[in-house]
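[1] any chance you could fold what I've pasted below:
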Amino acid sequence: MEMRSRVLTAAMTGCVALTLCAEAPKPYGAVPSERQLRWHETETFSLIHFGLNTYTDREWGYGEEDPALFNPVKFDANQVLATLKRGGMNGVILVAKHHDGFCLWPTKTTPHNIAKAAWRDGKGDVVREYADAAKKQGLKFGLYCSPWDRNSPAYGTSAYLPVYQAQLRELLLNYGTLFEVWFDGANGGDGYYGGAREKRSIDRFTYYDWPNTWGLVRQLQPSACIFGDVGPDARWVGNERGYAAEESWATFTPKGKTDAARPANGDSVNDKEGPAGHRDGAAWIPAECDVPLRKGWFWHPSEDPTVRTPAQLMDIYFNSVGKGGCMNLGVAPDRNGLVCEADVRALEAFGGLLRTLFAANLASGAVVSASHVRAWQPQRGKTNPYAPENVRDGDRYSYWATDDAVTNATLTLTLPAVAEFSVVRLRENIQLGHRVDGFGVDVWQAGAWKEYAGGQSIGACRLLRGAKVRTDRVRLRITHAAACPCISDVGLFLMPAALAQ
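    Here you go, the predicted model:
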C-alpha cells in the first residue's frame, strides 16, 4: 500500500500535516474520491467471463440454455487467479451473470442458476470460490451482474427490477469487500424470456432506475467504484481495444438525452467521447480500458491463435495505464474451469515483462532541483512537503509544487552516473486534480538539452516510450498549466530487451 495517508490534500482533510494549511495548493477542477484513488492505484485487473456460453461456444447466450451443461470437472479458481497475479494483474472482476441470465451463485431470485448445474451436484458457488481465491492471492475482487436477462420471463416489465436489485443485494452482501461493480451497456433485444421467444425493448436510460440501483452499491459497498458507459466512477473508454486517446483526461462531463450537462445517472449518451474525456470536465470519471485476451470474451476452442502476444499486451498497457486509466483484460477459463496453456503463456510472459520493466527506477538516486519551489514555513523535524526530491520517493501523493502564480517551471534530475533508459513515467498528485496542460522531457546530450518526449495530459500516470538514450541529466519542463504544477513522480526505466526498439 502506498503512503497515501502521509500527505492529504486541503480539499479532503482541510489540512496538510507537514505544513500550514494555508500554504497547500488548492485543488483544481474535479478531483477523485477516495474509492477512485484506490481504483487508480490498482492499474491492472481482469474481467472473467465463464458460464454456459463456455459450453455452447457462444458470446451471448439466448437464455434457453440448460444449466446442466455447466460442469467444469477440473475447476480451480486458484489456478485462474494465480495465473492472473503472475500475469501482472492486481484485481479481478467476475461476471456473476451474463446476458443469458445464468447466475453463478445459488441465488434465490431465479431457478436459472448454479444450483441446477451438474457441477458439484448442484451445491457449488462459483462466486464464492472466486472471492475466496482472490483473497488468497491478494487480488482485489469485483463483480459484474448483467442488467439484461434473456432468460427471465419478467424482463421488460416492471416486475423485473425488484428481481435484479435482489440479485445485486445478494452479491453485494455475501462476497466480501468489492473494489468495483460493473454494469454492462448491452440491454434489450431478442431472448428466451421464459419461453416467450420474442424481442423486448426497454429504455436503458430509465428502466433500471439507475439512481436507486446504483444507490444499492453506495449503501452496501461504499468503497466500490461503479463502472458504466459514462460512470459514475469509471467510464468506458469507448472501444474494446484497450486504447485511450493520445491525450486522455480523467475528467468528463456526462450529457443526457437532451444534451444538457448533468451528473452521471444512467441516461448519459456521450460514451463515444470516452477515449479522450474532457479537459475541465465536470466530474472525475477516468477511463477503464477493456480488451479481451482473445478475440472473444468467452473461451472458444477455435480461438487459440487469436491470443494477444506479450508485446501487444504491453502496447495496450502503455495506452491504458500509461494514459491515466486502468487496463481491464478479459480472461476466459476453458470448459475445465482453468486458464488454458496458450493464455497462461501469454499472461506469464506479459507479467514478466512488467516486472522487468519496473524493477529498477533509474531516477531513484538522482539529485533533483527545480527552477522554483513553493514557499512554506519550515518546522523543526519536518521536511519540505513541496521539495523537488519528492518526485523520486515512490509516493503518489507527495509532490513538488510551485507557488500559485508560477505555472511554467522546470525540474532537473542529475543521475548518479550516465544511465540508459527508454521509458519515462510522470504522475501528478491527482488529489489536487488535473493541473498540467503541456510538458516536455529533455535529455542532456553533447553539451545541450534535447527534447525526448512531450505531451499535454499527465494525470494519474503518463508513460512515454522512445529510443534508448544515454545521459546523466533529465529535465521536465512544465510549459502550460491551469494551476501550479503538483508533480508526484518522475521515473526512468529501460524497456526489456525483448521489446526494445
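[2] from now on I want contacts and neighbour counts done on CA atoms only, so please keep to that.
    Will do.
[3] what are the ranges of the helices in the stretch 51-200 of the chain?
    52-56, 77-86, 126-137, 160-174 (DSSP state H, counting those that start in this stretch).
[4] of those, which is nearest S422?
    helix 77-86 (24.1 Å; C-alpha to C-alpha).
[5] what's in contact with that closest one?
    Outside helix 77-86, the residues within contact range by C-alpha atoms under 8 Å, 6 or more residues apart in numbering are 46, 92, 129-130, 133-134, 137, 139, 333, 337-339, 344, 347-348, 351-352.
[6] how far out from the middle of the chain is it?
    19 Å (C-alpha atoms, centre = their mean, to the nearest Å).
[7] same check on stretch 329-336?
    20 Å.
[8] what's the span of it, first residue to last?
    21 Å (C-alpha to C-alpha, to the nearest Å).
[9] do the same with stretch 154-165
    Span of stretch 154-165 from end to end, C-alpha to C-alpha: 13 Å.
[10] hang on, the earlier thing: tabulate the helices of the stretch 51-200 of the chain (JSON lines), appending mean neighbour count, distance to A360 and mean pLDDT.
    Converted to JSON lines, those look like this (neighbours: other C-alpha atoms under 10 Å; distance: least, C-alpha to C-alpha, whole Å; pLDDT from 0 to 100):
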{"stretch": "helix 52-56", "mean neighbour count": "22", "distance to A360": "41", "mean pLDDT": "98"}
{"stretch": "helix 77-86", "mean neighbour count": "21", "distance to A360": "19", "mean pLDDT": "98"}
{"stretch": "helix 126-137", "mean neighbour count": "19", "distance to A360": "24", "mean pLDDT": "98"}
{"stretch": "helix 160-174", "mean neighbour count": "18", "distance to A360": "39", "mean pLDDT": "98"}
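[11] for I478, find the nearest of those.
    helix 77-86 (36.3 Å).
[12] between the closest one and helix 126-137, how many degrees?
    Orientation check (axes from the mean of the first three to the mean of the last three C-alpha atoms, to 10 degrees): helix 77-86 against helix 126-137 gives 50 degrees.
[13] for this protein, give the helix that spans the most residues.
    Taking DSSP state H as the criterion, the chain has its longest helix at helix 341-357.
[14] quick one: average pLDDT of it?
    Across helix 341-357, the average pLDDT comes to 98.
[15] for it, packing partners?
    For helix 341-357, the packing partners by 3 or more C-alpha pairs under 8 Å, 6 or more residues apart in numbering; DSSP states H and E come out as helix 77-86, helix 310-318.
[16] just checking, what packs against the very next helix or strand once past that helix?
    Going down the chain from helix 341-357, the next helix or strand is strand 367-370, by DSSP states H and E. If you count contacts as 3+ C-alpha pairs under 8 Å, 6+ apart, strand 367-370 packs onto strand 409-428.
[17] after the strand it packs on, which helix or strand is next?
    strand 436-445.
[18] residues of that following strand that come out buried?
    V436, D437, G438, F439, G440, V441, D442, V443, W444 (16 or more other C-alpha atoms under 10 Å).
[19] quick check: of those, which lies closest to A497?
    Once C-alpha to C-alpha is applied, the member of the buried residues of strand 436-445 that ends up nearest A497 is V443, at 21.5 Å.
[20] hey, what's that closest one bridged with?
    For V443, the beta-bridge partners are K450, V474 (DSSP bridges).
[21] circling back to that earlier point, out of the helices of the stretch 51-200 of the chain, which is closest to P485?
    Closest among these, once you apply C-alpha to C-alpha, is helix 77-86, at 34.7 Å.
[22] just the CA coordinates for the closest one, please, in PDB.
    Extracted in PDB, the C-alpha atoms of helix 77-86 (Å, rounded to 0.1, in the frame of the first residue of the first chain):
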ATOM      1  CA  ALA A  77     -10.300 -20.700  -9.100                       C
ATOM      2  CA  ASN A  78      -6.900 -20.500  -7.500                       C
ATOM      3  CA  GLN A  79      -5.300 -21.700 -10.800                       C
ATOM      4  CA  VAL A  80      -7.100 -18.900 -12.600                       C
ATOM      5  CA  LEU A  81      -6.200 -16.200 -10.200                       C
ATOM      6  CA  ALA A  82      -2.700 -17.300  -9.500                       C
ATOM      7  CA  THR A  83      -2.100 -17.100 -13.300                       C
ATOM      8  CA  LEU A  84      -3.600 -13.600 -13.300                       C
ATOM      9  CA  LYS A  85      -1.300 -12.500 -10.500                       C
ATOM     10  CA  ARG A  86       1.700 -13.800 -12.300                       C
END
